[in-house]
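Student: Build me a structure from this.
(one chain, ligands or ions: 1)
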Amino acid sequence: MRIVAATLLAAACLAGTPCAAAERDTERIAMVRTQIESRGVRDARVLEAMRAVERHRFVPDDLAGQAYADRPLPIGEGQTISQPYIVALMSELLGLSGDERVLEVGTGSGYQAAVLARLAREVFTVEIKPLLQARSARLLSSMGLRNVTASAGDGYYGVPAAAPFDAIMITAAVDHVPPPLLAQLVDGGKLVLPLGHPFFYQDLVVVTRTGSTYTVDNVLPVSFVPMTGAALEGGGGPPAPARP
Ligand code: SAH
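Tutor: The predicted structure is shown next:
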């Protein structure tokens, strides 16, 4: 009986109404509890950011109803928005306290950047695909996220004009640590990335810079879309750095 009543209520919620918004809020709170906290993410600021950022605004309209499901979703151009748990885990692994300047490589939908915007002082994010870049930059600015700078370009080269960064996150798969990104990380800073075969599986790793060298800690196996541009060309060619 209760299930029938809930179904009727859900069916009565038209897109864009306060009823639909309340439903999304409920789904988001449940997402954090059942997908993220339950798998061991403990950082209270990360959990709060995941509860606050409206993931359904970052997916195509026809997929908004699946925005809080436990999986990645297509965002166009053959790219995906990561599973919510992975967004939370990667955010937690950066160990942010709120005063950092962070670089994200692979803006995609802009969702991860919006989460980072609540965890760090300043966020720079770079996207190589012009259509996705234009769309996510528009969305992030329409949300009034003043501490996010979204730029177009090959993130393999980082954003030299805004470096150094306290933390860096790469959200596309690459088979080596891009030297320009390591160079743009402060000593002791962390770089979180899916490291491995760009067209197969990778390990989510935390790279910690220590002077001119670094350590790598494996976290768990993952499967991301490939980092394109210089990463697939062996890092050669003239740098075309993104500008903030
Ligand atoms: N963080 C995104 C999801 C990432 S999907 C989100 O929250 O939605 C990976 C993204 O990385 C894709 O949009 C892809 O176009 C981008 N990408 C791949 N190679 C890149 C490169 N060299 N520089 C910048 N972005 C890149």
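Student: Just the element for the nearest residue to residue 215 once chain neighbours are set aside, please.
Tutor: Nearest non-adjacent residue to residue 215, counting by Cβ to Cβ, 6 or more residues apart in numbering: residue 208, 5.1 Å away. Using the backbone N, CA and C atoms, a C-beta is placed for each residue, glycine as well. If you go by DSSP states H and E, residue 208 is part of strand 202-210.
Student: tell me what that strand is packed against?
Tutor: Secondary-structure packing of strand 202-210 (3 or more Cβ pairs under 8 Å, 6 or more residues apart in numbering; DSSP states H and E): helix 84-93, strand 185-196, strand 213-222.
Student: send the alpha carbons of that strand over as CSV?
Tutor: What follows is strand 202-210, C-alpha atoms only, in CSV (Å, rounded to 0.1, in the frame of the first residue of the first chain):
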residue,chain,number,x,y,z
GLN,A,202,43.8,1.4,-14.5
ASP,A,203,44.6,1.8,-10.9
LEU,A,204,43.4,4.8,-9.0
VAL,A,205,46.6,6.1,-7.5
VAL,A,206,47.9,8.8,-5.2
VAL,A,207,51.2,10.3,-6.4
THR,A,208,53.0,12.4,-3.8
ARG,A,209,55.7,14.7,-5.0
THR,A,210,58.9,14.7,-2.9
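Student: strands paired with it, and their directions?
Tutor: Its sheet considered, strand 202-210 pairs with strand 185-196 (antiparallel), strand 213-222 (antiparallel) by DSSP bridges.
Student: For it, buried residues please.
Tutor: Neighbour-count burial for strand 202-210 flags 202, 204-207, 209 (criterion: 16 or more other Cβ atoms under 10 Å).
Student: Mind checking the helices and strands packed on strand 202-210 for the one nearest to the ligand?
Tutor: Evaluated over the helices and strands packed on strand 202-210, closeness to the ligand peaks at helix 84-93, with 6.5 Å, by Cβ to the nearest ligand atom.
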